[in-house]
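Visitor: Fold the following for me, if possible:
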Amino acid sequence: MPGGRLTQHERHQIAAGLADSLAYAEIARRLDRPTSTVTREVMRNGGPTGYRAELAHRATERRARRRTAATRREGPPDPDDAAMTEYAETLTTVLMASGLPTMAARVLTCLFTTDAASLTAADLTRRLQVSPASISKAITFLEGQSLVRRERDDRRRERYVVDDDLFYQATVASARANDQLVAVARQGVALLGPGSPAAARLENIARFMDFISESITRAAEQAREILRSAR
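Guide: This next block holds a predicted model:
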C-alpha cells in the first residue's frame, strides 16, 4: 500500500470517483489507499459536492510550505509532531463529517487538544495560519451551537473555552430544537382531523421526536452527573 501524500493524479481519480457517486471505501480501494485518507482529503477540501482536484492539490502545497516555514523558524520538529498533526487532521475530519464547517472544526480541534481547553483569538490565528476574521466567524458559529463560550482572563484578553458543561448544554439545546417540530406536527393533526392518514403520520412523527428529545435530555443529565462525580 503506498504511503506519503496524495499525488495530483490521485486527486483527479478521487474527483472522478465522487462524480460517479462512488463510496469513499471504493475510491480508496481503487487507489490502494486507506479509506480514512480519502475521507480526510475530501472533507478538508470542500466535501463530496465541492471537492476539486486542482484546488485541493494547491491547498495541500500551501499547507506544506507553511509547515516547512514554521519548522525553519522553530527548529527541528518533535518526533511526536507528525503523529499529533495526523491526529488533529483526523479529528477535524470527523467533526466536519458531523456537520461542522471546516474552520469551525479546525478551531474546535485546537481547543480540544490544548491542555488549558482555552485559547485566545491570537493563539488560534497563529496555530491555524488564518485571518482573525476567519477565527471570529468560526467562533460565532460555535457559540451559536453552544460548543464554545467566551471569558476574560487576568490580562483582559478574550479567551474561547470548551468544557464538559458546554457539551451538556449543546446536547440539550439540540434536543429542545425538536420541540418546535413536535408542536407544528400536532398543529397539522388538529387541522387535518384525527381520522386522516396524514394526521396519523404527523402524530407518529410528533410522538417519535418527543420520545427522542426526552431520552436525549435524560441521558445528557445522567452523563453530566457521572462526569461530575468522577472529578
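Visitor: going forward, measure contacts between C-alpha atoms and count neighbours the same way
Guide: OK.
Visitor: show me the contacts for the most centrally placed residue in the chain.
Guide: Compute the mean C-alpha point of the chain, and by C-alpha atoms, centre = their mean the closest residue is residue 95, 2.4 Å away. For residue 95, the contact set (C-alpha atoms under 8 Å, 6 or more residues apart in numbering) comprises residue 105.
Visitor: residues of stretch 214-231 that come out buried?
Guide: 216-217, 220 (16 or more other C-alpha atoms under 10 Å).
Visitor: Put together TSV for those residues, with distance to residue 111 on each row.
Guide: Below are the buried residues of stretch 214-231 laid out as TSV (distance: C-alpha to C-alpha, whole Å):
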residue	distance to residue 111
216	25
217	25
220	22
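Visitor: Helix or strand for residue 170, just tell me which one.
Guide: helix 164-192 (DSSP states H and E).
Visitor: and which of the buried residues of stretch 214-231 is nearest to residue 162?
Guide: Using C-alpha to C-alpha, residue 220 comes nearest to residue 162 of the buried residues of stretch 214-231, at 16.6 Å.
Visitor: Residues contacting stretch 195-208, please?
Guide: Contacts for stretch 195-208 (C-alpha under 8 Å, 6+ apart): 181-183, 185-186, 188-190, 192-194.
Visitor: Apply 10 Å and report the result again.
Guide: The contact list for stretch 195-208 (C-alpha atoms under 10 Å, 6 or more residues apart in numbering) reads 178-194, 209-213.
Visitor: Output it in PDB with nothing but the alpha carbons.
Guide: Extracted in PDB, the C-alpha atoms of stretch 195-208 (Å, rounded to 0.1, in the frame of the first residue of the first chain):
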ATOM      1  CA  GLY A 195     -59.200  10.300  11.200                       C
ATOM      2  CA  SER A 196     -56.900  11.400   8.400                       C
ATOM      3  CA  PRO A 197     -54.000   9.200   7.400                       C
ATOM      4  CA  ALA A 198     -51.800  12.300   7.100                       C
ATOM      5  CA  ALA A 199     -52.800  13.300  10.600                       C
ATOM      6  CA  ALA A 200     -51.900   9.900  11.900                       C
ATOM      7  CA  ARG A 201     -48.500  10.200  10.200                       C
ATOM      8  CA  LEU A 202     -47.900  13.600  11.700                       C
ATOM      9  CA  GLU A 203     -48.900  12.300  15.200                       C
ATOM     10  CA  ASN A 204     -46.400   9.500  14.900                       C
ATOM     11  CA  ILE A 205     -43.700  12.000  13.900                       C
ATOM     12  CA  ALA A 206     -44.600  14.100  17.000                       C
ATOM     13  CA  ARG A 207     -44.500  11.100  19.300                       C
ATOM     14  CA  PHE A 208     -41.200   9.900  17.900                       C
END
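Visitor: Tell me how far that stretch lies from the chain's centre.
Guide: Relative to its parent chain, stretch 195-208 has a centroid offset of 34 Å by C-alpha atoms, centre = their mean, to the nearest Å.
Visitor: Could you pull out the buried residues of it?
Guide: Neighbour-count burial for stretch 195-208 [16+ other C-alpha under 10 Å]: 199-200, 202-206.
Visitor: now the residues you listed as TSV including pLDDT?
Guide: What follows is the buried residues of stretch 195-208, written out as TSV (pLDDT from 0 to 100):
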residue	pLDDT
199	93
200	93
202	94
203	93
204	94
205	94
206	93
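Visitor: Can you report how many residues lie near residue 37?
Guide: Number of residues near residue 37 (other C-alpha atoms under 10 Å) recorded here: 15.
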